[in-house]
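Chemist: sequence first, predicted coordinates after that:
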Amino acid sequence: MKLIDKIFELLKDRDKKIVVQNFLSLLVLQGANYILPLLILPFLVRTLGAEKFGLVMFAQSLAVFLTVFVDFGFNISGTREISLARNNKTKTGEIFLAVMFIKVALIVIAFGLLYIIVNTYSRFSIDAEVYLYSFGVVIGQALFPVWFFQGIEKMKVVTFINILAKLIFTLLVFILIKEESDYYKVPIYNSLGFIVSGCIGFVMSFRYINFRIPKFSLIKQLFRDSSSLFVSNFATSLYTASNVFILGLFSGNIIAGVYSSMEKLILAVKNVYVPLYQALYPWVARQEDDKKSQIIKKLMPPVFLVSTIITVVILFFASDILSIVYDDTLITSYGNVFKILSFISVFSGLNMLYNMLYFPAIKRYKVRMNILIFGGLFNVIMNLIFVQFFGIYSMAFVVTSTELILVIIGYYYFRKINKRFLF
């Protein structure tokens, strides 16, 4: 509560109301994003078996890379541009169409890349349908203009539609997945949920804009401005989505499935602060730079405290948590891996405070890009070197170390930009 009170001291009454509404909407959304998968994951592990579950997660990790490519950083740059022009429906309409034109072109390129990969390498061609069906997630994510609704601060719409997508997927899986041979249906249902919600979100955005064909100069400008953000987001995917992918290549689908099951839990912990950061971002982006720094300073201590408590809980109850959630002896036997990953709770909360909220808000996209590129390359290089010798344990150490490095570098640049403050 003290955290929220401190933030509200900096907000006007109208801004306070909007931020609270968006925060609560995003909190509900974030809860649905992780509670529903946590209900479905144990079911999938038991029904599909470790190998087929690992295959599905491996295909999803490849889809994440393609999603990042198609998004091209508009989740940040698009949000910022819409936020600044949100009172002008014609201008927001022009920006909206410019971004969507770029995304459609990127969808075509992304599918072409996937088709080449699937038909070139036997590692993928054996289960080609799983990878191709998973591409529906990329399409759905591209269609759904979350960045637009975040920019106009209408997150209730995003919450409702995204929960609808998760419910569609969850119900279809529980009802129609009966045995191991149904593994190929999982990406179909997952994609269906995303595409349905994407279409609904796309259509609903029309009520907030006036259509205006964008000039080529605007498309070019948005593409150029987002290029560094794309590199940043791709670098981020190198130390998130690449982990299951690399482990699957060296250790097989079974170990990839074990790691993925724990990674899902850590992602739920890691994203505890995402609703708060996303709700604050449009408002923070409109403030003076000095005020932005004050907000970050006030957020640091409570973020560290809450994250530390979460880590301590996991350290003491890692095996119990895995046993309760998955009820699988193989997954539970890797409880020490879960304990190593628990430190991500502390490091990621602060990492995202700088790299997700502060640097984008002050439009230091290149600083953010350089930090995340370093973190992404460090993660991939270290994993490629050590995973083949030490397997899942080295993966856990490298991933956790990457998050720590990102915090240290982010804090360094924060101090460098704000030399007037004493820490």
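Modeler: Alright, I've got the coordinates.

Chemist: dihedrals phi and psi, Ile213?
Modeler: Ile213 adopts backbone torsions of phi -60, psi 120, taken as degrees, to the nearest 10.

Chemist: touching, it and Ala98? I think so.
Modeler: No: proximity of Ile213 to Ala98 does not meet the contact threshold set by C-beta atoms under 8 Å, at 9.2 Å. Every C-beta, even on glycine, is put in place using the N, C-alpha and C of the backbone.

Chemist: looking at these two, which is more packed in?
Modeler: With neighbours defined as other C-beta atoms under 10 Å, Ile213 and Ala98 compare such that Ala98 has more, 25 against 9.

Chemist: which residue packs closest to the more buried one, ignoring adjacent ones?
Modeler: Closest residue in space to Ala98, ignoring its immediate chain neighbours: Pro214 at 3.8 Å, by C-beta to C-beta, 6 or more residues apart in numbering.

Chemist: contacts only, for the one you found.
Modeler: With contact taken as C-beta atoms under 8 Å, 6 or more residues apart in numbering, Pro214 is in contact with 94-95, 97-98, 101.

Chemist: restricted to helices, list the residues you listed.
Modeler: Per DSSP state H, helices hold the following members of the contacts of Pro214: 94-95, 97-98, 101.

Chemist: does the residue nearest to Ala98 belong to a helix or a strand, and which?
Modeler: Counting by DSSP states H and E, there is no helix or strand that carries Pro214.

Chemist: show the model's pLDDT score for it.
Modeler: What the model reports for Pro214 is a pLDDT of 79.

Chemist: how near is it to Leu315?
Modeler: 52 Å (C-beta to C-beta, to the nearest Å).

Chemist: one step back: next, the residue nearest to Ala98: phi, psi?
Modeler: Backbone dihedrals for Pro214, given as degrees, to the nearest 10, come out at phi -70, psi 150.

Chemist: tell me how far it lies from Gly136.
Modeler: With distances defined as C-beta to C-beta, the gap from Pro214 to Gly136 amounts to 27 Å.

Chemist: about what we covered before: closest to Ile344 among the contacts of Pro214?
Modeler: Ile95 (34.8 Å; C-beta to C-beta).

Chemist: that closest one and Pro145: what is the separation?
Modeler: With the distance defined as C-beta to C-beta, Ile95 ends up 10 Å from Pro145.

Chemist: find residues that contact each of those two.
Modeler: Each of Gly78 lies in contact with both Ile95 and Pro145 under the rule C-beta under 8 Å, 6+ apart.

Chemist: could you export stretch 274-287 as PDB, CA atoms only?
Modeler: The C-alpha coordinates for stretch 274-287 follow below in PDB (Å, rounded to 0.1, in the frame of the first residue of the first chain):
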ATOM      1  CA  VAL A 274       4.200  -5.900 -15.200                       C
ATOM      2  CA  PRO A 275       0.600  -4.600 -14.700                       C
ATOM      3  CA  LEU A 276       1.900  -1.800 -12.600                       C
ATOM      4  CA  TYR A 277       4.700  -0.800 -15.000                       C
ATOM      5  CA  GLN A 278       2.300  -1.000 -18.000                       C
ATOM      6  CA  ALA A 279      -0.400   1.000 -16.300                       C
ATOM      7  CA  LEU A 280       2.200   3.700 -15.300                       C
ATOM      8  CA  TYR A 281       4.000   3.800 -18.700                       C
ATOM      9  CA  PRO A 282       1.700   6.100 -20.700                       C
ATOM     10  CA  TRP A 283       1.400   8.500 -17.800                       C
ATOM     11  CA  VAL A 284       5.200   8.500 -17.000                       C
ATOM     12  CA  ALA A 285       6.000   9.000 -20.700                       C
ATOM     13  CA  ARG A 286       4.200  12.400 -20.500                       C
ATOM     14  CA  GLN A 287       6.100  13.700 -17.500                       C
END
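
Chemist: this completes my enquiry, with thanks.
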